[in-house]
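Enquirer: Give me coordinates for this.
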Amino acid sequence: MAWRINRLTPHRERWIIAMLIPLVFAATFSAPAHADDQSFLNDLRTSGMPVMYEPYYVGLGYKICAQIMAGMSTADAASQLGIEGQIWGPQIVSAAQHDLCPKTLSPPVSG
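Expert: Okay, here's the model as predicted:
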């Protein structure tokens, strides 16, 4: 027994189904989001960094990710954002890569 949408011709039913298939496929097979703001903040705090204004640091983390994904090195991204010489600069970059944009981490070298 086939389910049919009332008042639609079979031709229109096929178009509706054809438009829904990519949406269902994308929802089914999309990778889960890896960005985790709270883990990023927790990693900063665990490293001993005093995090006073959370939105600032989360924004900074996403800026680092955007620059690295655009092809910038981690050192250049930190330098451009003015955190390269700061004591917490390496921790911010590392936490951003691990928690906000893990795709920017280099794959392990097999030997």
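Enquirer: ok, residues contacting stretch 80-99?
Expert: Applying C-beta atoms under 8 Å, 6 or more residues apart in numbering, the external contacts of stretch 80-99 come out as 35-37, 39-40, 43-44, 47, 49, 57, 60-65, 67-68, 72, 74-75, 77-78, 104-105. Backbone N, C-alpha and C define where each C-beta goes, glycine included.
Enquirer: Quick one: end-to-end length of it, please.
Expert: Using C-alpha to C-alpha, to the nearest Å, one end of stretch 80-99 lies 21 Å from the other.
Enquirer: can you list contacts of stretch 62-74?
Expert: If you take C-beta under 8 Å, 6+ apart as the criterion, stretch 62-74 is touched by 76-78, 80-81, 92-93, 96-97, 100-101, 103-104.
Enquirer: Just the ones of the contacts of stretch 80-99 in helices?
Expert: 37, 39-40, 43-44, 57, 60-65, 67-68, 74-75, 77-78 (DSSP state H).
Enquirer: Now list the buried members of the residues you listed.
Expert: Among those, the ones that count as buried by 16 or more other C-beta atoms under 10 Å are 40, 43-44, 57, 60-62, 64-65, 67-68, 74, 77-78.
Enquirer: any chance of those residues in TSV, with distance to W88 too?
Expert: Shown next, in TSV, are these (distance: C-beta to C-beta, whole Å):
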residue	distance to W88
F40	13
D43	11
L44	8
Y57	10
L60	10
G61	12
Y62	17
I64	12
C65	17
Q67	17
I68	18
T74	14
A77	15
A78	10
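Enquirer: Next up, phi/psi of the residue lying closest to I64 once chain neighbours are set aside, please.
Expert: In this structure, I64 finds its nearest non-sequential neighbour in A96, 4.4 Å apart by C-beta to C-beta, 6 or more residues apart in numbering. Dihedral pair for A96: phi -60, psi -50, per degrees, to the nearest 10.
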